[in-house]
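> For reference, the sequence and a predicted model appear below.
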Amino acid sequence: MPELTPDALRAAVARIAPSRIPALTQHLFEATTNAQQTQSLAPLRAFVHSWAVFVAIQRHPERAARLRELERIVDAGEQDPAAAITEIQAIRETAEAEAGL
């Protein structure tokens with residue numbers, strides 16, 4: 001796992017999911033703007049949390065593929081999503097633990 005800084009997270013995303021750099025950049029801009037406007041670090045903490053979890057998931061291709069499949073199941077609405085939602089939560093909790101969050 002990279003350090004939990006915007007630069008380290010950006011470098012990690014550039015390596016594992018370069019197509020997501022524009023989204024990261026936009027999110028960082030919005031978080032910085034909101035932090036300045038609200039005089040709170042909460043938006044920047046949310047940014048770091050979100051992208052640290054993303055990196056922790058995406059650095060394991062099998063885990064990332066499983067998450068995409070589970071999200072597809074939930075989005076399709078063709079079956080009871082309870083089991084898929086439970087597994088999504090477990091994947092995210094594991095990623096948060098790996099990221100030290």
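On my side now, so go ahead.
> Pull the distance from stretch 88-98 to the chain's centre.
Here the centre of stretch 88-98 is set off from its chain's centre by 10 Å, with C-alpha atoms, centre = their mean, to the nearest Å.
> what pLDDT, on average, does it get?
Per-region confidence: stretch 88-98 scores 96 on mean pLDDT.
> neighbouring contacts of it?
M1, H49, A52, V53, A56, I57, R63, R66, L67, L70, E71, V74 (C-beta atoms under 8 Å, 6 or more residues apart in numbering). (C-beta placed from N, C-alpha, C; glycine too.)
> if we go to 7 Å?
M1, V53, A56, I57, R63, R66, L67, L70, E71 (C-beta atoms under 7 Å, 6 or more residues apart in numbering).
> List only buried entries from those.
V53, A56, I57, L67, L70 (16 or more other C-beta atoms under 10 Å).
> ok, the residue nearest to the fourth one when sequence neighbours are not counted to A64 distance?
The spatial neighbour of L67 that comes closest, neighbours along the chain excluded (C-beta to C-beta, 6 or more residues apart in numbering), is I91 at 5.3 Å. Taking C-beta to C-beta, to the nearest Å as the measure, I91 falls 9 Å from A64.
> Overlap of the contact sets of the two?
The contact lists of I91 and A64 share I57, where a contact means C-beta under 7 Å, 6+ apart.
> What ranges does this structure have for its strands?
For the chain, strands defined by DSSP state E do not occur.
> now the helices: where do they sit in it?
With DSSP state H applied, the chain shows helices at 6-16, 21-38, 42-58, 61-76, 82-99, listed in chain order.
> hey, which of those helices is tucked in deepest?
Comparing the helices of the chain by mean neighbour count (mean count of other C-beta atoms under 10 Å), helix 42-58 comes out on top with a mean of 19.
> then it to CSV, C-alphas only?
This file holds the C-alpha atoms of helix 42-58, laid out as CSV (Å, rounded to 0.1, in the frame of the first residue of the first chain):
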residue,chain,number,x,y,z
ALA,A,42,-12.9,16.4,6.4
PRO,A,43,-13.2,16.6,2.6
LEU,A,44,-9.5,15.8,2.3
ARG,A,45,-9.8,12.9,4.7
ALA,A,46,-12.7,11.6,2.7
PHE,A,47,-10.6,11.9,-0.5
VAL,A,48,-7.8,9.9,1.0
HIS,A,49,-10.1,7.3,2.4
SER,A,50,-11.9,6.8,-0.9
TRP,A,51,-8.8,6.5,-3.0
ALA,A,52,-6.9,4.4,-0.5
VAL,A,53,-9.8,1.8,-0.6
PHE,A,54,-9.8,2.0,-4.4
VAL,A,55,-6.1,1.2,-4.5
ALA,A,56,-6.3,-1.6,-1.9
ILE,A,57,-9.0,-3.2,-4.0
GLN,A,58,-7.6,-2.6,-7.5
